[in-house]
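Q: Dropping the sequence and predicted coords here.
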Amino acid sequence: MIKVALAGYPIPMLYMAPVSVFTNVNGAVPGQCLGGAVNGVLTRPAAFTITWALAGTGGVLGPFTKGSKQDPPANVTLNAVPQLPDGEYCLQMKMDILPGSGIAAVGAQTVAVPSAPQSITRQVCFIKLASRPTANVTFHSCNTSFAVDLSGITPKPTFANPSLQLFSTVFHVWGKLNRTFDRNPQGENLLDYFDQYVKWENPARPNFLQVFMESPGLINGYYNVWIEGSLSTTYPDLVSLFGLDQYDDGSAKYMGVSLRNSSNRPVPIQTVRSKIVDLQGPDVPVQLGAAATFTWDTQGYGEQFCYVDGQKVANTADLVHCESPLNLKVADNANHTLEVVLADVCGEVVANGIFFGAWGWRQNMKFQPPAPPPPAPEPVFNDSGLALPMRTPMTRNRTSGASSVGAAGGLVTMLAAFLGMLFV
């Protein structure tokens, strides 16, 4: 039998010690191992060697002459591990006890042991993971709910066997109001932060997580959003999650690396879907040369533009935008079109349109809103090296209802599937 332990960061070491009647000094040696019926006592341990191999590298250790009391134990430094790609690896080991290298006392006689070569082969497997958790991130933030989609997540949850999960992937998503869209009051008892955890623990489920919350309780505005990718394990004695910091809630340890939107721009959150409603003109016909007044209501935040017969018109101080009410001079008896366009803070474009003239106005039933601009590329949360604030950088207006578990900053380096003292 061979006793094995694997430990070390960032370069693991493999420790090995023999468990044999020919290596345990002062231990009994059965008679059948001495070629007779009388038991003996081992007075000098047999020497042994260890042959190991890992991912194309390997070597021979020894011979070792102190048997089971070898101090320090036979060990090899696995220098190649930091250069290996992330994945699962298996160490192949063989212990050979050299024949005739030990001595057993049988009464007044001594016998060289063992009489023939003896060997045993074992395998120890581990997972090497040095890359940070990653995910593609998409925000859905101009609606009655706020959602953050996490897809393409790495690493996936990993099991040693169907009932023993080595680790799962956890994401902490939280945000703090940076500024409001305008100075108008928004009501009472609204929150200026959010804070949630999501966990991918079943590899059979799609590689997708979503942070979802009903957003009417949030103040409308631009939010600084942080996302922290972490690993969690319920077997901290078996799985090593080395990093700058670790969190222990008593049953699981969470280790994480802070990740940030690569654009480093605040995320707009508005609690309604953008639209332009109740676009209306004058209730009575308009005399030529007089002004007609047009009004509408806007739901959502962003920039408003107006177009008359396809030409931009403005009634604001910047001579670019327009707002309700809009006064237009009716100069002839022709039919004209008015289009009101809102480009909201989330990049969606909505519009509404009417026909108008001296005769009055009516809805443009065939009006086609302009096509929205192409979506911005999804930010990828990866090893950007950007400095981040602490996990709780906000001054909260109300007590958070977020989960009590945590995720701490750090670097995932080595996950040993067989860490500690193993007997194989």
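A: Structure's in. What do you need?

Q: most centrally placed residue in the chain?
A: What sits nearest the mean C-alpha location of the chain, by Cα atoms, centre = their mean, is G229, with 3.2 Å.

Q: Please identify the helix or strand for that one.
A: Using DSSP states H and E, G229 sits in strand 221-233.

Q: pull the CA atoms of that strand into PDB?
A: Extracted in PDB, the C-alpha atoms of strand 221-233 (Å, rounded to 0.1, in the frame of the first residue of the first chain):
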ATOM      1  CA  GLY A 221     -31.200  56.800 -13.300                       C
ATOM      2  CA  TYR A 222     -27.700  55.600 -14.100                       C
ATOM      3  CA  TYR A 223     -26.200  52.900 -11.900                       C
ATOM      4  CA  ASN A 224     -22.700  51.800 -11.300                       C
ATOM      5  CA  VAL A 225     -22.900  48.000 -11.600                       C
ATOM      6  CA  TRP A 226     -20.300  45.500 -10.300                       C
ATOM      7  CA  ILE A 227     -20.200  41.800 -10.900                       C
ATOM      8  CA  GLU A 228     -18.000  39.400  -8.900                       C
ATOM      9  CA  GLY A 229     -17.400  35.900 -10.200                       C
ATOM     10  CA  SER A 230     -16.700  33.300  -7.500                       C
ATOM     11  CA  LEU A 231     -16.300  29.600  -6.800                       C
ATOM     12  CA  SER A 232     -17.900  28.000  -3.800                       C
ATOM     13  CA  THR A 233     -17.400  24.600  -2.300                       C
END
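
Q: packing partners for it?
A: Using 3 or more Cβ pairs under 8 Å, 6 or more residues apart in numbering; DSSP states H and E, the elements in contact with strand 221-233 are strand 134-140, strand 145-154, strand 164-180, strand 253-259, strand 267-269. Using the backbone N, CA and C atoms, a C-beta is placed for each residue, glycine as well.

Q: For it, which strands pair with it and how are they oriented?
A: Strand 221-233 has these partner strands in its sheet, going by DSSP bridges: strand 164-180 (antiparallel), strand 253-259 (antiparallel), strand 267-269 (antiparallel).

Q: Out of those strands, name the one with the poorest average pLDDT.
A: For these, mean pLDDT drops lowest on strand 253-259, to a mean of 37.

Q: Pull the number of nearby residues for the residue nearest to the residue nearest to the centre of the chain when sequence neighbours are not counted.
A: Sequence neighbours aside, P133 is the residue nearest to G229 in space, at 3.1 Å (criterion: Cβ to Cβ, 6 or more residues apart in numbering). When neighbours are defined as other Cβ atoms under 10 Å, P133 has 27 of them.

Q: can you check the one 10 residues further on too?
A: Other residues within reach of N143, judged by other Cβ under 10 Å, total 16.

Q: before we move on, what about S131?
A: For S131, using other Cβ under 10 Å, the count is 16.
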